[in-house]
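**Q** Provided below are the primary sequence and the corresponding predicted coordinates.
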Amino acid sequence: MTELSFTKSFLQGVDSKPIKLPYDYVVPPEDMRLPVPYTLPRLSPPHPTMAKKIKTTAAPGSSKSINVQLKSARNPVLEFSVDNVPLTTTTIHDLREAVRDRVVSGDGNPPPGEKIKILYKKKPIGGSAEKTLAEILSDSEPDVLVGGKTVEFGVMIMGGASVKPEITESPAGSAAKISETEPLPSNPAQGPSGSQILQTDEFWKDLEGYLELRTKDTVEALRLTGIFKRAWQADVSKS
């Protein structure tokens, strides 16, 4: 088709239409169809999921440690300390096991771990039993994470319990308790024994030295030795 013929056909098509469109003119829908199908643009790719944090085990000696003091005000009355526990590896489960080793329930067996509640600032610690001390203390006491400090936790035993007899110590019983780390001699040394050994100064000096070693306090060791000696003397005078 030449330009001339195209121009003629175009003018003929235009000539058939009115010069002015009426106010109610509507374009036929078939004339408005698009020549190609319309496709929606592609959606942007979703944000990638964040990688899960992998809990790594710290190398030996690199983890900070604290002293944990566990205290139960009633049923039973119990208070003890666990020294130098790593912050990043010690969990609520470990604290419960430390309590279970020291108490028994009514049937003579240690209470189940789920009945032992560990409290921090008088509130039970929720969540998993594998929650570490670092996770518990990171928000409330971040300065503790440097290590070397003492943190107190409460203990509540559902259903009650009692302290094991070997854990309950009296002043007189503490003097006779043998360190668990020291093996018993197979052949005891010859010499005074029984009540006779209590009448010697060497016994009380040895006792004072033992208490000083355990308490790491010379004044406290001397005070406890005096208490034990006066209690023994009072018992002897009564008999």
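**A** In hand now; what should we look at?
**Q** Now for the chain, the helix or strand with the poorest mean pLDDT.
**A** helix 171-176 (a mean of 44; mean pLDDT, DSSP states H and E).
**Q** now the strands for this protein?
**A** 65-72, 78-86, 103-104, 116-120, 123-124, 150-157, 162-163 (DSSP state E).
**Q** for those, which one sits closest to residue 20?
**A** strand 123-124 (84.0 Å; CB to CB). Placement of C-beta: from N, CA and C, glycine included.
**Q** ok, the closest one: who's next to it in the sheet?
**A** When pairing is defined by DSSP bridges, strand 123-124 lines up against strand 116-120 (antiparallel).
**Q** residues making contact with the strand it pairs with?
**A** 70, 92, 95-96, 99-100, 124-125, 136, 140, 153-158 (CB atoms under 8 Å, 6 or more residues apart in numbering).
**Q** let's see it at 6 Å
**A** Strand 116-120 is contacted by residues 92, 95, 96, 99, 124, 125, 153, 154, 156, 157 when judged by CB atoms under 6 Å, 6 or more residues apart in numbering.
**Q** quick one, what contacts the fifth one?
**A** Pointing back at residue 124 there. residue 117.
**Q** How about the last one?
**A** Contact analysis of residue 157 by CB under 6 Å, 6+ apart lists 111, 116.
**Q** what mean pLDDT would you report for the biggest helix by length in the chain?
**A** Of all the segments of type helix in the chain, defined by DSSP state H, the longest one is helix 218-238. In this model, helix 218-238 has a mean pLDDT of 85.
**Q** Repeat that for stretch 17-28.
**A** Mean per-residue pLDDT for stretch 17-28: 75.
**Q** what's the span of it, first residue to last?
**A** 14 Å (CA to CA, to the nearest Å).
**Q** what's the answer for stretch 108-116, then?
**A** Start-to-end, stretch 108-116 (CA to CA) is 16 Å.
**Q** Please name the nearest non-neighbouring residue to residue 97.
**A** Excluding its sequence neighbours, the residue lying closest to residue 97 (CB to CB, 6 or more residues apart in numbering) is residue 113, at 7.1 Å.
**Q** Which segments of the chain make up each domain?
**A** 65-163, 198-237 (the TED database).
**Q** Looking at the ones you listed, which one is packed in the most?
**A** Greatest average neighbour count among these goes to domain 65-163 (a mean of 15), per mean count of other CB atoms under 10 Å.
**Q** And the average pLDDT for that one is what?
**A** 87.
**Q** distance between it and the chain's centre?
**A** Relative to its chain's centre, domain 65-163 lies at 9 Å (CA atoms, centre = their mean, to the nearest Å).
**Q** With stretch 199-206 instead?
**A** 45 Å.
**Q** Need the contact partners of it.
**A** 197, 229.
**Q** What mean pLDDT does that stretch get?
**A** 82.
**Q** got the CA coordinates for it in PDB?
**A** Listed next in PDB are the C-alpha coordinates belonging to stretch 199-206 (Å, rounded to 0.1, in the frame of the first residue of the first chain):
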ATOM      1  CA  GLN A 199      41.400 -33.500 126.200                       C
ATOM      2  CA  THR A 200      44.500 -32.700 124.200                       C
ATOM      3  CA  ASP A 201      45.500 -29.300 122.800                       C
ATOM      4  CA  GLU A 202      46.600 -30.900 119.500                       C
ATOM      5  CA  PHE A 203      43.000 -31.900 118.800                       C
ATOM      6  CA  TRP A 204      41.600 -28.300 119.100                       C
ATOM      7  CA  LYS A 205      44.600 -26.900 117.100                       C
ATOM      8  CA  ASP A 206      43.900 -29.400 114.300                       C
END
